[in-house]
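J.: Sequence and predicted structure are below.
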Amino acid sequence: MQWQENDVIQNSNWIKKRKLHNVDFFSDVFSKRIYSNRYHFEDLANEIFYEIFEYLDLYDIYKGFFNLNQRFQNLIINSNFLNQINISTMSKSKFEYYHKNILLPNKHRIRLIRLSNPFMNELIFSSAYTILRFIHLETLIFDHIEMKDFIKLINHLAHLHELYSLIISLADHIQSLSVLFSSIFQLKKLKYCKIEYTIKDDQNQKSISFDLTRHVFSPIQYLIINGDFPFNSLNNLLSCLPELHHISIQSLVNSNDNIKTGDLSYYIHLRYLKYVSFKLNSIDFNKFENIIKQFFDYVEILHLTMNSDEKYLNAKLWQQLIISYMPYLRIFDMKYQGSIENKYDIIKQFSSSFWIEKKWFFTHEHDWKSTMDRGVFYSSIPYRRKDYMYYWASDEQLYSHNQEENFNSVNHLFICSKIKDHCLKCFPNVNQLIFTLFFDDWNDSIVRNLNCMISLEQLTKIVLEPYRIPLEDIIRLLCFTSNLHTLQFHTFGLHHNNLDVVRRNYAFEYASKINKIKSLILHGRCSLNELEFIVNLFPQLKCLETGMNRTEIQQIIRFLLSKTHNKTQHLFYLCIAYTPKYINSNLYLWW
């Protein structure tokens, strides 16, 4: 389907990286040998070249092959590579070549464009005339765009009659959901829409309300919202989407009490709505029950995550709702996060004959030694869950009909408690690891247990949310994750160490040699000395986001841009966080 391009791109890139770990090295060596063995090289069949092209970025294909002779020009021009333009992170000079020689000459045939840099948006879509030349554009992906720039573009995008898929990640805090969605709803051919945005923590909830008239309709069939959406406006949103098949909202939140809920007397039958996935943040069961009764008549798959109101744990209420208002439901996937203390009698009702006959089974996990407010009650049958929150203590005797869990679909693993030897589970396909809890006694056994659960070599991204994780432990983890390309952690560990001593450790030397970190996000502020340490630890770094001591900003930038050393030779993108008067208080530099 056309609306799956984002996943296709990610999967394709992952496969290429698995096949060929060092594309840059391959490209350099291969291009040198082309000329020395030119005649033998040209004897190869076209099919072999197309197979070679699968391993390379479009930029490398053009740079290495296009100017060889007419045959290779025809090979590239007549291929399908030019249909999809996926511009990931690259230097400004490299992008200028890409823009001039690849993108502009082929804009009439491009079907997909993905932009991962806020500077690229304005350069590519510089005028209405330029935008309208992308006559066959079907999918447009903005990984990082400001709201004002998107609003400027949207009126012109409405004239692209083949634009079916839109994926946007807004760079700045959103001020009005009504403005955002009313703009998107102008696209009358749109079938797939994925939106990611953030809202300031102190922003008045009234300002994010969604309020469109009942006469505004959109042909969107697949809608994914990654951001806070006011629950009181959900009725209004659904009433604008008569052709909706699939909806996923990352976070439904309570909005200001002064905001009126949508007109409950007016709603449409969503005859095509088959898939619903919601995370309910402090939403009363009774309120959500009304939404079910209005819109879920034809729903077949329901994924819910909630964190309050014990009525969500009442199996009898759910049974009645399913029988009366969701007769076509095939998959009921529920996850309740919070305390279940004194609620065992209620949740045991989920083992009645109704649930067993439908093969809907549930289990419970908790960190018993911590607090009764930390745990999860969830469906134990795997429903292609990509995220999993790991708690080490599970209540195996809660249900007699528990089935062995299969975690093959899990890609993102959240570690929410200490990992015990006897509580290990296997997650064979995890590529992203997120730590939400600080361990006082982080040691080699934790790394060993992790490696029994997942393949550390397979990880491409790690997020360390606790700010007190020691720097030595981060370096130790790097020694086992050689294919990591993205890392996030707090600068706390940098502040509380003698960095010169750490730099002389064998672990530092080993980690700096094997790690392939390209993107690094540091939460907090760094000094010049700490950033010198960072670029020594991560020599392959291309993109860096961090705060800086204001008195050292000029010195730091001068160091990072300096050509007198090769420590930052790959770095070309810098985001200085906590800088007033810029995008979300961030200053971006690109060279």
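T.: Done, it's in.

J.: Residue 145 versus residue 463, what's the distance?
T.: Residue 463 is 23 Å from residue 145, where distance means Cβ to Cβ, to the nearest Å. From N, CA and C alone the C-beta is placed, and that goes for glycine too.

J.: So for these two, which sits in the more crowded spot?
T.: Residue environment comparison for residue 463 versus residue 145 gives the larger neighbour count to residue 145, 22 against 16, counting by other Cβ atoms under 10 Å.

J.: Model confidence score at that one, please.
T.: Per-residue confidence at residue 145 stands at 89 (pLDDT).

J.: So it is in contact with residue 172, correct?
T.: No: with contact taken as Cβ atoms under 8 Å, residue 145 and residue 172 are classed as non-touching, separated by 9.0 Å.

J.: What lies in contact with stretch 459-472?
T.: Surrounding stretch 459-472, the residues in contact under the criterion Cβ atoms under 8 Å, 6 or more residues apart in numbering are 14, 430-438, 442, 474, 477, 481, 483-490, 492-494, 496-497, 502, 505, 507, 523-524.

J.: do stretch 65-82 as well
T.: Residues outside stretch 65-82 that contact it (Cβ under 8 Å, 6+ apart) are 34, 42, 46, 49-50, 53, 58, 61-62, 101-102, 106, 109-110.

J.: Please work out the average pLDDT along the helix or strand where residue 72 lies.
T.: Taking DSSP states H and E as the criterion, the element that holds residue 72 is helix 70-77. Predicted confidence along helix 70-77 averages 85 (mean pLDDT).

J.: same thing with stretch 541-550?
T.: 88.

J.: now the strands for the stretch 251-400 of the chain?
T.: Here the stretch 251-400 of the chain has its strands, by DSSP state E, counting those that start in this stretch, at 275-281, 301-306, 331-337, 362-366, 375-379, 387-390, 393-394.

J.: for residue 530, helix, strand, or coil?
T.: Here residue 530 is helix, with the state taken from DSSP: H, G, I helix; E, B strand; the rest coil.

J.: Domain boundaries for this structure, per the record?
T.: Taking automatic domain parsing as the domain assignment, the ranges for the chain are 350-453, 460-591.

J.: which of these has the lowest average pLDDT?
T.: Averaging pLDDT over each of these puts domain 350-453 lowest, since it has a mean of 75.

J.: Start and end of that domain, how far apart?
T.: 29 Å (Cα to Cα, to the nearest Å).

J.: All further residue positions should be reported with the first residue as 28.
T.: In the new numbering, first residue 28, that becomes domain 377-480.

J.: picking that back up, give me the buried entries from the contacts of stretch 486-499.
T.: Burial by neighbour count, 16 or more other Cβ atoms under 10 Å: within these this picks out 457-462, 469, 501, 504, 508, 510-517, 519-521, 524, 529, 550-551.

J.: Out of those, name the ones that lie in helices.
T.: Counting by DSSP state H, the part of the buried ones among the contacts of stretch 486-499 found in helices is 501, 504, 519, 520, 521, 529.

J.: Format the residues you listed as a markdown table; extra columns: distance to residue 392.
T.: Shown next, in a markdown table, are these (distance: Cβ to Cβ, whole Å):
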| residue | distance to residue 392 |
| --- | --- |
| 501 | 27 |
| 504 | 24 |
| 519 | 29 |
| 520 | 29 |
| 521 | 34 |
| 529 | 36 |
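
J.: who touches residue 76 in this structure?
T.: In this structure, residue 76 makes contact with 92, 99, 102, judged by Cβ under 8 Å, 6+ apart.

J.: that older thread, could you export the strands of the stretch 278-427 of the chain to TSV, including columns for distance to residue 189 and mean neighbour count?
T.: Written out in TSV, the entries for the strands of the stretch 278-427 of the chain read as follows (distance: least, Cβ to Cβ, whole Å; neighbours: other Cβ atoms under 10 Å):
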stretch	distance to residue 189	mean neighbour count
strand 302-308	25	20
strand 328-333	29	20
strand 358-364	33	19
strand 389-393	45	21
strand 402-406	39	22
strand 414-417	33	19
strand 420-421	50	18
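
J.: Can you redo these as JSON lines, where the extra columns are distance to residue 264?
T.: Putting the strands of the stretch 278-427 of the chain into JSON lines (distance: least, Cβ to Cβ, whole Å) gives the following:
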{"stretch": "strand 302-308", "distance to residue 264": "12"}
{"stretch": "strand 328-333", "distance to residue 264": "17"}
{"stretch": "strand 358-364", "distance to residue 264": "22"}
{"stretch": "strand 389-393", "distance to residue 264": "30"}
{"stretch": "strand 402-406", "distance to residue 264": "26"}
{"stretch": "strand 414-417", "distance to residue 264": "24"}
{"stretch": "strand 420-421", "distance to residue 264": "37"}
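
J.: Out of the ones you listed, which gets nearest to residue 121?
T.: Checking the strands of the stretch 278-427 of the chain against residue 121 by Cβ to Cβ gives strand 414-417 as the closest, at 34.1 Å.

J.: so what does the closest one touch, helix or strand wise?
T.: Applying 3 or more Cβ pairs under 8 Å, 6 or more residues apart in numbering; DSSP states H and E, one finds that strand 414-417 contacts strand 439-442.

J.: Show residues contacting the strand it packs on.
T.: The set of residues that contact strand 439-442 without belonging to it, under Cβ under 8 Å, 6+ apart, is 413-417, 454, 457-464, 480-481.

J.: same thing but 10 Å
T.: By Cβ atoms under 10 Å, 6 or more residues apart in numbering, the surrounding residues in contact with strand 439-442 are 412-419, 434, 452, 454, 456-464, 466, 473, 477, 480-481, 486, 488, 490-492.

J.: Can you give me the neighbour number for residue 339?
T.: Close neighbours of residue 339, defined as other Cβ under 10 Å, add up to 21.

J.: Tell me how far the residue lying closest to it once chain neighbours are set aside lies from residue 85.
T.: The shortest distance from residue 339 to any non-neighbouring residue, by Cβ to Cβ, 6 or more residues apart in numbering, is to residue 333 (5.0 Å). Between residue 333 and residue 85 the computed distance is 44 Å (Cβ to Cβ).

J.: same check, this time on residue 107
T.: Distance, residue 107 to residue 85, by Cβ to Cβ: 11 Å.
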